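1. Show me the folded form of this:
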Amino acid sequence: MNAPTASSDHRKRLSEKNTSLFDFYGKPRFLKVLPLSLQHLLAMIAGVITPPIIVAGVVGASIDEKLLLIQIAVLASGVCTVFHLYGVWKFGARLPAIFGVGFAYVPTLVAVGAQYGIEGILGAQLIGGMTMIVVGYFIQYIRHLFPPVVAGTVVLVIGLSLYDIAIRYMAGSGNVNAPNFGDPINWAVAMVTLLTVLIAAQFGKGVIKLSAIIVGIVVGYLLSLALGMVSFNNVANASWLAVPKIMPFEMEFHAAAIASMVVICVINSVQTIGDLSATTVGGMNRELKTKELTGGLLGNGLTTTISAFFGALPTSTFSQNVGIVAMTKVISRYVLALAGIFMILAGLSPKFGAIMTTIPYPVLGGATITVFGMITMTGIQLLVKDEMSARNMTIVGLALALSLGIASVPSAIEQFPAMLRDLIGGAPIVVAAIAAFTLNIVLPKKSLSDEAKEREEIAKADEEAAKAECSKLNQKLSTNQGNVH
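-> Down below sits the predicted model:
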């Protein structure tokens, strides 16, 4: 009876001594973790506060309501992240991933909000979150419908669709009509930030190398201060403490709004599959486990459902943070948990969150464009895990063509029904997910015997081609020797 206890104590002591950044259960020193955590925080902060700002404008929210939407979005993102890192029962991914209020839902939220207000959004979100829980429960039975060719396509499109966001940020704002958009000064700050990230990532050592993103942000921020590009007005006006309340907004349930939200929540589940797969493949060098996927989807559905009662918008994985994990290989949950705690503090203290929002857009754009590139490469890494057969290339090619094509020419679907147009018009990931999923089911797969036969035919053709080439060389050699004689 004593041996197992001793062995258990020994394992516990070993776990406590594990200070590796590259182990999920590693417990590195605080000062070592801090810059890496801030790197994740800074990568996600703009993505967290932007959706509530957009939605507030669409629904005509007051200043107080707008600040409340931002505050609760930040708080919910922090709680959601910590929840997924440690998990409760079957809920939670227990992977080095950041969860929070994200961009994926914005087109649908804008469409629903314009017609039914914030009340219609939250009512539809409640049903959408429950739908995600159902998808999470059954994913173990339908996971085979989302092979690497589907998940990889989704991740690839996520990366590609983020490029315009990074470029807009580098040019000075997320809005092309903003004053001084495209000003050379903005580009100068963005390029200095990007160059710093590249130098730190390629030539730095230790923490500098691993914290390349935040090093770039610090340098870009200091340059922005010197150029007078940083405004502290929001910091001065923000309060120190604000505790969230249950049901700050009423909920309304409209069939059209619910239908749109259910569809986007199901599609977001595919994005979650892609992001979590990218996290394990890119950061942990292994495939995603079914238990982790189930926990991630169940947890995301639960947090989306609960968030509706507090006025927080739907939650999802953050692709830019997946890119950081893939780039640095830092997977210690302490690193991400600290980022989540900072988000919780920011949510409880609007002044703390206001400080984070003082980072100029060009700095964020210059720092994150490399991350978006890593997301794209992670999608490609997932794709090549499957054989790039004619069938798979058709799936990927058509999904890319349809999703990015429609996103590039939104007027092409102006004659579609409003609900369908709002669903797919501004979200290439939706089109890519639907196309890849459908094609993977519809296009016939070759049997093992057919694949073996095709490989045999290819090998035979290669052999015949090689023989023909040798015959030509021998004939040419004989002709040359005849000419010499």
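
2. contacting residues around stretch 385-397?
-> 147-150, 152-153, 156, 281, 383, 435-436, 439-440, 443-446 (CB atoms under 8 Å, 6 or more residues apart in numbering). C-beta: built from backbone N, CA, C; applies to glycine.

3. Which of those residues are buried, as a ChimeraX select command?
-> Burial among the contacts of stretch 385-397 is assessed by 16 or more other CB atoms under 10 Å; the matching ChimeraX selection reads:
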select :147,148,149,150,152,153,156,281,383,435,436,439,440
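
4. Next up, the contacts around the most centrally placed residue in the chain.
-> When CA atoms, centre = their mean is applied to the chain, the residue found nearest the centroid is Ser319 (1.4 Å). Shown in contact with Ser319 (CB under 8 Å, 6+ apart): 155, 158-159, 162, 271, 275, 278, 372, 375.

5. need those in CSV with neighbour count, can you?
-> Below are the contacts of Ser319 laid out as CSV (neighbours: other CB atoms under 10 Å):
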residue, neighbour count
Val155, 34
Ile158, 29
Gly159, 24
Leu162, 23
Gln271, 26
Asp275, 30
Ala278, 32
Phe372, 22
Ile375, 29
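
6. what would those residues look like in CSV with secondary structure, pLDDT and distance to Ala390?
-> Output for these, formatted as CSV (DSSP: H, G, I helix; E, B strand; the rest coil; pLDDT from 0 to 100; distance: CB to CB, whole Å):
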residue, secondary structure, pLDDT, distance to Ala390
Val155, helix, 78, 22
Ile158, helix, 76, 25
Gly159, helix, 79, 24
Leu162, helix, 76, 29
Gln271, helix, 75, 27
Asp275, helix, 84, 28
Ala278, helix, 83, 25
Phe372, helix, 78, 30
Ile375, helix, 75, 27
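
7. Pick the one among these closest to Val189.
-> Closest to Val189 out of these is Phe372 (18.2 Å), distances taken as CB to CB.

8. my read: the closest one touches Ile324, true?
-> No: at 10.7 Å, Phe372 does not count as touching Ile324 under the criterion of CB atoms under 8 Å.

9. how about the strands in the chain?
-> 99-101, 315-317 (DSSP state E).

10. Run through the neighbouring helices and strands of the last one.
-> Right, the one you point to is strand 315-317. helix 63-86, strand 99-101, helix 255-284, helix 290-310 (3 or more CB pairs under 8 Å, 6 or more residues apart in numbering; DSSP states H and E).

11. repeat that with 10 Å
-> Under the contact definition 3 or more CB pairs under 10 Å, 6 or more residues apart in numbering; DSSP states H and E, strand 315-317 sits against helix 63-86, strand 99-101, helix 106-142, helix 255-284, helix 290-310.

12. what are the pairing partners of that strand, and which direction each?
-> Note on strand 315-317: by DSSP bridges, its sheet partners are strand 99-101 (antiparallel).

13. Let's test this: mean pLDDT of the partner strand, rounded?
-> Strand 99-101 shows a mean pLDDT of 90.

14. got it, and stretch 213-221?
-> 87.

15. Could you do stretch 384-396 as well?
-> pLDDT averaged over stretch 384-396 gives 85.

16. what's around Phe352, how many residues?
-> 18 (other CB atoms under 10 Å).

17. what does Tyr137 give?
-> Counted by other CB under 10 Å, the residues lying close to Tyr137 total 14.

18. How about it: what's its closest non-neighbour residue?
-> Leu298 (6.7 Å; CB to CB, 6 or more residues apart in numbering).

19. Ok, Val235 next?
-> Nearest non-adjacent residue to Val235 (CB to CB, 6+ apart): Ala354, at 4.5 Å.

20. go on, Pro52?
-> Leu69 (3.7 Å).

21. same question, Ile208
-> Nearest to Ile208 is Ala200, by CB to CB, 6+ apart, at 5.5 Å.

22. list the contacts for the residue nearest to Leu67 when sequence neighbours are not counted?
-> Take Leu67 and drop its neighbours on the chain: the residue closest to it by CB to CB, 6+ apart is Pro350, 6.5 Å away. Contacts for Pro350 (CB atoms under 10 Å, 6 or more residues apart in numbering) come out as 67-68, 70-71, 74-75, 234-235, 237-242.

23. Repeat the analysis, applying 8 Å as the threshold.
-> By CB under 8 Å, 6+ apart, the residues touching Pro350 are 67, 70-71, 238-240, 242.

24. Any idea how many residues pack against Lys27?
-> A count of nearby residues for Lys27, using other CB under 10 Å, gives 16.
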